[in-house]
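# next input, structure requested:
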Amino acid sequence: LDHRVQLSGTYNVRKGKLQLPVNRWTRRQVILCGTCLIVSSVKESQTGKMHILPLIGGKVEEVKKHNHCLAFSSAGPQSQTYYVSFDSFTEHLRWQRHAAKMVSQRIHSVDLSCCSLEHLPPNLFYSHDLTHLNLKHNFLPADQRLQQFSRLRSLNLSNNHLGQFPLAICDIPTLTEVNLSCNYLASVPSSVGAMTNLQTFLLDGNSLNELPNELGSLQRLSYLGLSFNQFNHVPQVLERLSSMEKLCMAGNHLETLTLQNFRLLHVKHIDLRLNKISIMVPDEPDLLRHVTQLDVRDNRLTELDASVFPRLEVLHCERNHITSLKAKGCLLKGIYASNNELRQLDVSPVPSNLSYMDISRNHMESLPDWLCEAKKLEVLDASHNLIAELPARLLCSNSLRKLSAGHNQLQKLPERVERPLLEVLDVQHNQLVELPCNLFLKSDSLRCVNASANKLEHLPPSSLSEESHSILQEFYLTNNRLTDKCVPMLTGHTHLRVLHMAYNHLQTFPASKMAKLEELEEVDLSGNMLKTVPTTIMNCRRMHTLIAHSNAIEVFPEVMQLMEMKCVDLSCNELSEITLPENLPPKLQELDLTGNPRLNLDHKTLDNIRCFRIDPPPTFSSSEASGGPAVWSHGYTEASGVKNKLCVAALSVNSFCGSREALYGVFDGDRNVEVPYLLQCTMNDVLAEEIHKTKSEEDYMTNTFLVMQRKLGTAGQKLGGSAALCHIRHDPTDPGGCFTLTAANVGKCQAILCRDGKPLSLSLLHNVGLEEEYRRIRQHKAIITEDNKVNGVTDSTRIMGYSFLYPSVIPCPYVQTVTLTPQDEFFILGSRGLWDAVSPTEAVEAVRNVPDGLAAAKKLCTLAQGYGCTDSLSAVVVQLNVSEDCCSCCCSDPPQPPPSPGLGPYPPSSSAIKERPSDGSLPVPPSSCSEISSEISTSEMSSEVGSTASSDEPPQSSLVLLQEHCCALHPACLAHSFQRQLSSATFSSALSDNGLDSEDEEPIAGVFSNGSRVEVEADVHCLKAQSCLSSSPKTPVPSSSSQERNLLTLPPPPPPPCTPEPLEEGIDMSQGEAENGLERDESWPGAGVGCGDGGKLAGKRRVNGSVAQQEKSHNLIEVAADAPSKKSGGYFTAPAQPDPDDQFIIPPELEEEVKEIMKQHQQKQQKPAGTDQPTDYYDTPL
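Have a look, this model is predicted:
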């Protein structure tokens, strides 16, 4: 209130009448603030109880018996008086002048909305001159003394708990606007006829089914809101309201539209959307000449003859089942008829005033010829139909500015192009082999062309000479058959800003051609066969986005010298070395280099990049190790929208609560960043807790969403977000069971399962189009606005957040559980923007033959952007490899550790398969950590390294013996807080985690921690529990890696005087040992040591790089290969050649024991491995 304080000071104050001896003078703090006098109850302090005296309408008088004394009195029957004695005449005069202004003020408007009021404050009734009073969203009853506001003109009582009509307002004749929406009113009293000056009367969202006849006396009433009530007919009393221009009866129970009832109505605009109208009984057209707008959206009409309204200007009939539509064209300005079954459109005469027509998502096979004669038509949307040919003269129109004809069956466009005013042409998803040869020569106004997803093999010329008049700014050509010969055709478009040519057949992009496109800002060349990005891209000084993933690029382009650069995506290429400038572009936010297996990056200042993604280089080839196949692998990607806000998030936990479970999720905040971030950081912890409370998949998934709603806190009050979760699990207590996939979603995030090459939806979109959802919303008296949003906020009836819309909008998800079979190839999780642009069928076909999860996710997002999506995008592709005996073989020997899916340590298996097998099944991910090193560049590591939501849990290699069976792999079960963190080689300055929120808040000594991860590779071979307790502790362990054998011949250096480096991955214990809760002694017998040359392991680690708790780290034998050196800027770079001093880091107390173990290990390596051991006897990553 400091800014409202006008005067303040400490004076002698007395309350009440001067004649009473009881009241005495005391020194008090006095404040003149706003329109009130505030007196403290504690001497010279503002911290105690404050007495507030409202001055409006009161009095300020001079007390003659006392020097410099003023009497302040409030208005009303219970007025109070405070006497204040000032120290000087100057102060006395100043206070008197200011207070006199307040007393004479008159408040005309008061807003007390959303104050949780159960009754009106008494001081409000002192304002007799009040004209506008807003009391919406409170808990007020109907019996309020509102009649005291005799001059009130506007009253808003919507969203209260009135229960019955407030009769008091009928005694206020000055009212012109009354809002009583959403108050559970069952009737309107006859006394409402006394409000003769009423002009606007809102009764929406109640339970009315009839109106009193006295309402007809309100001759000045121009707007009457009756939407979302229970009327089954049009009230006859409305015929007497001569001034009413709009009939608002949306969301009622009208089933038959009898136009005879509209004869005597004076309305121009009829709103009957969201009723149950299936039949329209026509009337004489001459009797309906007053109607100019008709809105019958979301009904059950199969035919509509709107020609009975001869002066109709705007027609809305979306989301019906209309097959035939007729209308008069004399004054028609707009036709909105999308999402029907239209096959025939009859408008006569030719609508010379028609400016907008939307007939998308119908069954039209051709467009009417009169479209070419519509002289004012500016926007035509005929997408998602069955149109094979456009009218011949459509591209000669002098008025058409935007033409959308995508998702049809067009084989060619009209050849006749005569200087049209066309600015936007969208013909994506057709069967076009070529564009008209003179499209750019004759179209001077064309700014944006989207011809993605066609069969284009070449492009039309932009000019016939070196001088071009093209003003084309955006050109989308994704998913065609374009070759290098098309590139010269682009050079004439000198004003081109956005160019998408992803997934074509480009092998080169000549540097001379790129040099002529100096105004380029965004380029997408992904999914081609490019080996280089043209060096002349440096001429494009405005370039801010370069996307060229999934090519064969070997040399990193020098785009880091462009100062406007914001996003560079060169993932899934063949990059080997990168030299970045010392000063990166100041606006750089995203740098994605994942999926480049040979990459060796040396750079110091990557701290300012919001999202930097890279995976470590591989060490071993997949043929050097053997193991069993994993059941799933994944890849994911995220892409920010046009405003560079990343309003989506992805979640990937490959080993969730155990090696036989996984959790994936996608979250979309639409336009906010907070909600998806919170969902990503917290939701897997919530699920980890709820999954143990019930065996029902639907119950634990539903509870997860409900608990998460509470955890959103204040962020979930006014903000919201969509969410989709997929949980893979296997019940180890059921030997005959298989893996199950449980999907849950709210909002517009969806999950799609590919089964036998066909999409199987695992999600449900909750909106008002579902009868069950619509009934639930109506039960809670919510309003659905014309854009089909609940209370004008969200078009999803079930979504996370938006708590202020409860109970109309709830977070209760749709849950579906399927049993995974060998026919299940993969599943996709996508955000809203992805599914708006790419259909489930196209998504499945697009990535079915992509063997790499990361490349598949990248492709989906690139396709969506090429199809025109400008929102934030996120996609997760999880590839499945479920065999017939996927479960019985895993559960037959419980003491043996099962194969760990995803990025955990894998049991030995056969060589990983890179390409898709001949039987059409998906490739399996690498099954040991040595295989990960070679395979990780594409599917496994790229997806995890780029993760912004990797799990924090230690993998199966942790030595910490957790007692709970379900928590052996997931510390979240032990109240371990999940946090949004970057995985092994992901660096981010804005979102880096230094371990401050994890269990081990201080990094282990000797480990550098600045938000990155120390890269450590270790191979500690574990024996079974029986061997751990045997009397012979030093058991040699075989190794199959020749590289490892060579490294083991190196003598160990002197141990450094510091705490040993933390073990990252590769230490594992058998399942039986974990279940029995056995503790190892300090010597930890039966351990072997090995390390790779320059290799880095995949997998999830703790923030400080350790998988074990700090207090047990001294029990580990730790070996680090290529120990990272700390560099300025917070980035770790391994040296090109291993430094012998950094080769081994061994605790002093274990040095002698390690030497002995290594000696035995070398001797054992000379002999073939024993054949009497089970295949997964040694659970080791190497």
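# CA only for contacts and neighbour counts going forward, please
Will do.
# which strand residues bridge residue 651?
For residue 651, the beta-bridge partners are residue 665 (DSSP bridges).
# what does the model give it for pLDDT?
pLDDT for residue 651: 92.
# likewise for residue 364?
95.
# and the residue lying closest to it once chain neighbours are set aside, how many neighbours?
Nearest residue to residue 364, sequence neighbours excluded (C-alpha to C-alpha, 6 or more residues apart in numbering): residue 343, at 4.7 Å. When neighbours are counted by other C-alpha atoms under 10 Å, residue 343 registers 17.
# for residue 343, give me its contacts.
323, 324, 362, 363, 364, 365 (C-alpha atoms under 8 Å, 6 or more residues apart in numbering).
# mind giving me JSON lines with the residues you listed and columns for neighbour count?
Below are the contacts of residue 343 laid out as JSON lines (neighbours: other C-alpha atoms under 10 Å):
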{"residue": "323", "neighbour count": "18"}
{"residue": "324", "neighbour count": "16"}
{"residue": "362", "neighbour count": "21"}
{"residue": "363", "neighbour count": "19"}
{"residue": "364", "neighbour count": "23"}
{"residue": "365", "neighbour count": "17"}
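# mind putting those residues into a markdown table with distance to residue 408 and secondary structure?
Converted to a markdown table, the contacts of residue 343 look like this (distance: C-alpha to C-alpha, whole Å; DSSP: H, G, I helix; E, B strand; the rest coil):
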| residue | distance to residue 408 | secondary structure |
| --- | --- | --- |
| 323 | 18 | coil |
| 324 | 20 | strand |
| 362 | 10 | coil |
| 363 | 10 | coil |
| 364 | 10 | coil |
| 365 | 9 | coil |
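# how near is the residue nearest to residue 364 to residue 303?
Distance, residue 343 to residue 303, by C-alpha to C-alpha, to the nearest Å: 11 Å.
# picking up where we left off before, and which of the contacts of residue 343 is nearest to residue 580?
Residue 580 lies nearest to residue 362 out of the contacts of residue 343, by C-alpha to C-alpha, at 52.4 Å.
# quick one, helices of the stretch 1-150 of the chain?
89-104 (DSSP state H, counting those that start in this stretch).
# for the stretch 551-700 of the chain, same thing?
674-690, 697-711.
# what's the angle between the longest one and helix 697-711?
What it means is helix 674-690. 130 degrees (axes from the mean of the first three to the mean of the last three C-alpha atoms, to 10 degrees).
# low pLDDT regions in the stretch 601-750 of the chain?
Residue ranges of the stretch 601-750 of the chain with pLDDT under 70: 602-608, 610, 616-629, 643-644, 659, 732-736.
# please repeat the previous calculation with a cut-off of 80.
Scanning the stretch 601-750 of the chain for pLDDT under 80 picks out 601-630, 641-644, 657-659, 731-737.
# again with the stretch 451-600 of the chain
Ranges of the stretch 451-600 of the chain meeting pLDDT under 80: 464-468, 579-582, 600.
# and stretch 636-649, how far apart are its ends?
End-to-end distance (C-alpha to C-alpha), stretch 636-649: 10 Å.
# for the most centrally placed residue in the chain, give its distance to residue 649.
Nearest to the mean C-alpha position of the chain, counting by C-alpha atoms, centre = their mean, stands residue 668 at 1.1 Å. Distance of residue 668 to residue 649, given as C-alpha to C-alpha: 7 Å.
# show me what contacts residue 492?
461, 462, 463, 466, 467, 468, 470.
# touching, the first one and residue 441? I think so.
Yes - Residue 461 lies in contact with residue 441 (C-alpha atoms under 8 Å); the separation is 7.5 Å.
# relative to residue 415, how far out is the residue lying closest to residue 722 once chain neighbours are set aside?
Spatially, and ignoring its direct neighbours in sequence, residue 722 is nearest to residue 747 (4.3 Å; C-alpha to C-alpha, 6+ apart). Residue 747 sits 44 Å away from residue 415, going by C-alpha to C-alpha.
# neighbour-wise, which of these two wins?
residue 747 (30 against 14).
# any common contacting residues for residue 343 and residue 303?
Common neighbours of residue 343 and residue 303 (C-alpha under 8 Å, 6+ apart) are 323, 324.
# where in the stretch 301-450 of the chain is pLDDT low?
In the stretch 301-450 of the chain, no residues with pLDDT under 80.
# now the helices for it?
Counting by DSSP H, counting those that start in this stretch, the helices of the stretch 301-450 of the chain are 439-442.
# strands along that one, start to end?
Remark: strands assigned in the stretch 301-450 of the chain by DSSP state E, counting those that start in this stretch are 303-305, 314-316, 324-328, 334-336, 344-348, 356-358, 379-381, 402-404, 424-426, 448-450.
# end-to-end on stretch 210-221?
18 Å.
# from the contacts of residue 492, which would you call buried?
461, 462, 463, 470 (16 or more other C-alpha atoms under 10 Å).
# spatially, which two of those are the most separated?
Spanning the widest gap among the buried ones among the contacts of residue 492 are 461 and 470, at 10.5 Å by C-alpha to C-alpha.
# intersection of neighbour lists for those two?
By C-alpha under 8 Å, 6+ apart, the residues touching both residue 461 and residue 470 are 440, 441, 492.
# OK, contacts around the residue nearest to the first one when sequence neighbours are not counted?
Taking C-alpha to C-alpha, 6+ apart, and ignoring the residues beside it in sequence, residue 440 has residue 462 as its nearest neighbour in space, at 5.3 Å. When contacts are counted by C-alpha under 8 Å, 6+ apart, residue 462 touches 440, 441, 468, 470, 489, 490, 491, 492, 493.
# is it true that residue 462 lies in a helix?
No - using DSSP: H, G, I helix; E, B strand; the rest coil, the assignment for residue 462 is coil, not a helix.
# what distance do you get for it to residue 38?
For residue 462, the distance to residue 38 - C-alpha to C-alpha - is 76 Å.
# same thing with residue 66?
21 Å.
# same check on residue 252?
In terms of C-alpha to C-alpha, residue 252 sits 52 Å off from residue 38.
# who has more neighbours, the two?
It is residue 252, of residue 252 and residue 38, that has more neighbours when counted by other C-alpha under 10 Å, with 26 against 19.
# contact partners for the more buried one?
So residue 252 contacts 227, 228, 229, 230, 231, 232, 274, 275, 276 (C-alpha under 8 Å, 6+ apart).
# do you know the pLDDT at the fourth one?
Spelled out, it's residue 230. 93.
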